[in-house]
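S.K.: Sharing a model that was predicted from the sequence below.
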Amino acid sequence: MQADEIEALFTRSDGSYAFARWGRPVAPVVFGVDDATLVVVKGALEAVMVLTGHQMAETDPELGSNFMMFFFRDWAELPEVTGMDRLVPELDTLIGKLQTAEANQYRLFRFDEDGAIKACFVFLRMDTHLSDVSAETLALSQVVQSVLLWSDLAFRETSPLAVAGETTILRPEIAALLRAAYDPVLPGMAQDASHALRLAARIGVAH
């Protein structure tokens, strides 16, 4: 990928550049799925962790679980979950906006003092569209979108995934970008677009 393509993936709709990766091991928990789907989700997360060289953990010392995925049928279910109002600021207002937009997914990130990701909460309303997506595709897509702070415009036109035969895989250029993003020589957070040049250079070194 060229630097301008990388820059676009982290340039938000307000024109600002914002990049962040996880700064601590990922301790996942998944709600609202059966055991078979749980295995698929954790498999996708493990695959991406192997790709990036990042670590997983059973628990996070501060938060317990720092990567939570919630699967449900209706946004109205969220306020009924114990403690959800503490997890998500202004929960009722957010739900109203998501219902109005007929959204089927939402991600909420929290950050350490140095700007690296310390937690991610993924909410998936399993409407007709998401229900038609295979568990493997949905899991891999959500994990990829949760291991970096991408632009709010990233992947609107092009999915980070591709189909190879009967298997869904990461697009090779996105896989290379993920590896570069977790290179220890690069910062865990960046707000200057010159960071995209460094990512492009790391991809070049890896190849």
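M.R.: Received, thanks.

S.K.: Could you point out the helix or strand that follows the longest helix along the chain?
M.R.: Using DSSP state H to define each element, the chain has its longest helix at helix 35-52. Later in the chain than helix 35-52, the nearest helix or strand by DSSP states H and E is strand 67-72.

S.K.: Show the subsequent helix or strand relative to that following strand.
M.R.: helix 84-87.

S.K.: which other residues reach that following helix?
M.R.: Helix 84-87 has contacts (CB atoms under 8 Å, 6 or more residues apart in numbering) with 68, 78-79, 91, 121. All C-beta spots, glycine's among them, are computed from the backbone N, C-alpha and C.

S.K.: got the contact list for the residue positioned nearest the centre of the chain?
M.R.: Centre of the chain computed as the mean C-alpha position; nearest residue by CA atoms, centre = their mean is residue 146, 1.1 Å away. Shown in contact with residue 146 (CB under 8 Å, 6+ apart): 67, 107, 120, 122.

S.K.: For residue 75, see how far away it is.
M.R.: To residue 75, residue 146 is 19 Å away according to CB to CB, to the nearest Å.

S.K.: same question, residue 134
M.R.: The gap separating residue 134 from residue 75 is 23 Å, by CB to CB.

S.K.: More neighbours: these two, which one.
M.R.: residue 75 (19 against 10; other CB atoms under 10 Å).

S.K.: Tell me where this protein has strands.
M.R.: Secondary structure of the chain by DSSP state E: the strands cover 19-20, 28-31, 67-72, 105-111, 117-125, 161-164, 167-170, 189-190.

S.K.: What is the burial count for residue 9?
M.R.: 19.

S.K.: Can you verify my assumption that it contacts residue 150?
M.R.: Yes - applying CB atoms under 8 Å as the test, residue 9 and residue 150 come out as touching, 5.9 Å apart.

S.K.: Alright, I will stop here.
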